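In: Below is the sequence, then the predicted model.
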Amino acid sequence: MSTTPETADLLTATALRREDLLHDYRLGWESRHASLAGRKEVFMGKAKFGIFGDGKELPQLAMARAFRPGDWRAGYYRDQTFMLAIGELTLPQYFAQLYANPDADADPASAGRSMGGHFGTRILDEDGQFRNLATSKNSSADISPTASQMPRLVGLAYASKLFRQNTELHQFTQFSNKGNEVAFGTIGNASTSEGMFFEAINAAGVLQIPMLVSVWDDHYGISVPAEYQTTKQSISAILAGFQRDGEGQDGFEIFVVKGWDYPALVDTYQRAAEVCRTQHVPVLIHVTEVTQPQGHSTSGSHERYKSQERLSWEEEHDCLRKMREWLLVEGHATEAELDKLENEAKETVKQARTASWNGFFNPIKQERDEAVKLLDALLLETNTENELREMVSGLQFNPAPIRADMVRTVRRVLRQVRGQRSAARRDLLNWLEQAEADNADRYNSYLNSQSEHATPNIEEVPAEFARNAPPVDGREVLQACFEANFRRDPTIFAIGEDVGRIGDVNQAFAGLQAKFGELRVTDTGIRECTIVGQGIGAALRGLRPIAEVQYLDYLLYAIQILSDDLASLQYRTKGGQKAPLIVRTRGHRLEGIWHSGSPIQMILGSIRGMKLLVPRNMTQAAGFYNTLLRSDEPALVIECLNGYRLKEQIPTNVGEFTLPLGVPEVLLEGSDVTVVTYGSMCRIVLDAAQQLAEVGISVEVIDVQTLLPFDTQHSLADSLRKTSRVVFADEDVPGGATSYMMQQVLDGQQAYRYLDAQPRCISAQAHRPPYGSDGDYFSKPNAEDVFDTVYELLHEANPKQYPAIY
Ligand SMILES: Cc1ncc(C[n+]2csc(CCOP(=O)(O)OP(=O)(O)O)c2C)c(N)n1
Ligand SMILES: [Mg+2]
């Protein structure tokens, strides 16, 4: 440990002032009334679904007392009390999310994109740049899949370790105060059944990071009780082996405390956060005897599955009731004072609810009224009162219109007056155009970065090559690229299996740990999901991780977290958060069922919101890494597994040259057929093209290079205009990424109109390739397949010149 953090003053419950206690009690009741009112809003039809934090108020108030500026949270949908207590959620904001208010000022966590209970703070400013995160109280943006907050939590805590131990990072005071920040995690008891939970716990123990996990244990996961969830029905009991043997030893500190015992909770959180913050020891707090007064969510009622005995027990152990009893016994307040406070809390919530509803609904009503006015004018002008009045009235007198009602009505009305010339029709068309732009911003924006550091804004720097320089192994190009970037930017670091000591299995990091130290180039355990999570969390905190998944085939272990968490991050916060993580992996051809995969369509379908790069060689890969490391977008880079030992020319500016994304490269010009491909297939297609040239067929070979984004300038359509014939080739399953490319080109670029022949796809077999060279030949596309497919196209066009081969 290179610095000694100041020890915080421990705040025990007995040291709390009466006004602090009453403040917490009031807040607890405001939160409770928000839960009660929230459920009613759903049943009245003002919101679609509700899941609330009732029963979990006290532990969260205690946790908030231990939470400091600079700290982070990764939690789940029960945490409204905590968010209210740290001042990062207001009651009107709580209701705004419930109503799905798409205004980021009203719902800063998600701009109405996430259902209620999905919290998060805006860590970016209007321009998409990080705010000062060392002085703010931060929450990463919640997601719904149970336990998916855990991988990211590892990264949030890991960043503190790096900020503390790597003195080069002490200058980044905007992000950290020398690593004194704790990452607080919350999770339900049942969600600890997930593999990700255990993987994250083990990783935190190995890493020794300031991760403080609270388990809210209400005995249930919806209707399924602990007997079905947890061995011995106790997460703290079964994790006891993680308890460290004493100070200075590796392991966890584990605490168990009852969820209704306010003074014990306050004391526990103070002690737990202290040890976590100062010693960087991970902590588990098992909060037991927690209740769920309204049941799991608005989708059902818990009377269906909880016994009468359990329901009565929950009523008696309701944490707010228990706190009231304690306040009275200790003489901190009188019955009358507490009654008053509870009533005031109810009133506060009522007012917040009304204000929030008006803030949500009034603009919609105004838009509706404006649309109706334009529709009225149109009916009058086009004499369509009889035919269309009913439709317009449906909108006009709809008591609870939504934006879809307006747009639907306007589009259907416009259909009826199509072709008519009228000023009112033009006004309505203008209204629709504006509404569509506004709604695109409300509901479809920020899938990708919109900041000045977005990949399209990265300056293009061409590669330069020395004359007569001898070619080197591809891996050496990457190694030189990484080394230059590590020197340029101290926030960059790499983690993964075998990345550290041996410099990854293909040695693109060889020697770099010795040069930059173990904190920059770091081995991890075999745990793909939390390797990615470790990267996500660290990237959220302003660092630039490169997280490695050893082989593309093992990306499946991490695809869920990439898809649910990383890829959706900018979108689900409407630009409020970003995590520019680069995931590096290698795939396509090598050997056998689990070392030669190319499941590109699975990836394309899962990670919209990230970039997907498939460089054909290591020089292209280096150019892309240079671009990505200067941008603020997350990406997956798939290197060619069989390319590390192939010889390449190394650019003299290997750490500076950049490659633009979405720009295909013509590898061979030709006039008869265009073959569109990427990755390891480039070499095979080039080989086939040479053989085709020998029989007089001219093939244009194009490497698309990046699949997300895909050919932003529509250069492939230009090629098809020239050749009128196209083949899409890759190593995915039939109907895999070839279909994606075909859709992008024929549909997206409207290049179907240039075709004189059926578009063709070449892909691998539907099964994975067996081990061995014959397994590869008979399963993956080969040069003969490409030759024959292209030849057939020419044979169809001119059988005389190109007689059938078979
Ligand atoms: C991966 C996944 N599976 C299932 C669900 C549906 N689901 C939502 S909450 C929940 C129960 C969670 O129980 P627990 O972790 O104890 O939290 P609690 O709601 O009791 O606070 C389930 C099964 C989900 N969101 N994600
Ligand atoms: Mg539970």
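Out: Done, it's in. Ligands and ions are numbered 1, 2, ... in the order given.
In: Report the buried residues of stretch 451-467.
Out: Neighbour-count burial for stretch 451-467 flags 451, 453, 455, 458, 461, 463 (criterion: 16 or more other CB atoms under 10 Å). For every residue, glycine as well, the C-beta is placed using N, CA and C.
In: Report the mean confidence score over that stretch.
Out: Mean pLDDT, stretch 451-467: 97.
In: try stretch 300-314
Out: Stretch 300-314 carries an average pLDDT of 95.
In: how about it, does it get close to ligand 1?
Out: No - remark: stretch 300-314 sits outside contact range of ligand 1, by CB under 6 Å from any ligand atom, the gap being at least 10.4 Å.
In: follow-up on the earlier one: closest one of the buried residues of stretch 451-467 to residue 706?
Out: Of all the buried residues of stretch 451-467, residue 706 sits closest to residue 455, with 9.3 Å by CB to CB.
In: distance of that closest one from residue 362?
Out: Computed as CB to CB, to the nearest Å, the residue 455 to residue 362 distance reads 39 Å.
In: For the residue in the stretch 401-550 of the chain positioned nearest to ligand 1, give its distance to residue 465.
Out: For the stretch 401-550 of the chain, the residue closest to ligand 1 is residue 529, as judged by CB to the nearest ligand atom, at 12.7 Å. Noted for residue 529: a distance of 40 Å to residue 465, by CB to CB.
In: what do you get for residue 773?
Out: Using CB to CB, we find residue 773 at a distance of 34 Å from residue 465.
In: what's the answer for residue 791, then?
Out: Using CB to CB, we find residue 791 at a distance of 36 Å from residue 465.
In: Regarding the closest residue to residue 591 other than its chain neighbours, what is its secondary structure?
Out: Closest residue to residue 591 apart from its sequence neighbours, by CB to CB, 6 or more residues apart in numbering: residue 771 at 5.7 Å. Under DSSP: H, G, I helix; E, B strand; the rest coil, residue 771 falls in the coil class.
In: Kindly state the pLDDT recorded for residue 771?
Out: Here the pLDDT value assigned to residue 771 is 94.
In: dump the residue contacts of it.
Out: By CB atoms under 8 Å, 6 or more residues apart in numbering, the residues touching residue 771 are 591-593.
In: and what of residue 209?
Out: By CB under 8 Å, 6+ apart, the contact list for residue 209 reads 154, 157-158, 160-161, 183, 280, 282.
In: In contact with the residue of the chain found nearest ligand 1, which residues?
Out: Proximity of the chain to ligand 1 (CB to the nearest ligand atom) peaks at residue 188, 2.0 Å away. Contacts for residue 188 (CB under 8 Å, 6+ apart) come out as 76, 78, 146, 215-218, 221.
In: Next secondary structure element downstream of the longest helix seen in the chain?
Out: Ranked by number of residues, the top helix in the chain under DSSP state H is helix 335-382. Counting by DSSP states H and E, the element after helix 335-382 in chain order, helix or strand, is helix 385-396.
In: residue ranges with poor pLDDT in this protein?
Out: Scanning the chain for pLDDT under 70 picks out 1-10.
In: got the residues of it near ligand 1?
Out: Residues of the chain lying close to ligand 1 by CB under 6 Å from any ligand atom are 78, 144-146, 188-191, 216, 218, 220-222, 296.
In: Out of those residues, the closest to residue 624 would be?
Out: Nearest to residue 624, judged by CB to CB, of the residues of the chain next to ligand 1 is residue 145 at 29.8 Å.
In: any idea what sits nearest that closest one, other than its immediate chain neighbours?
Out: Closest to residue 145 by CB to CB, 6+ apart is residue 564, at 5.2 Å.
In: For that neighbour, give its distance to residue 439.
Out: Residue 564 is 25 Å from residue 439, by CB to CB.
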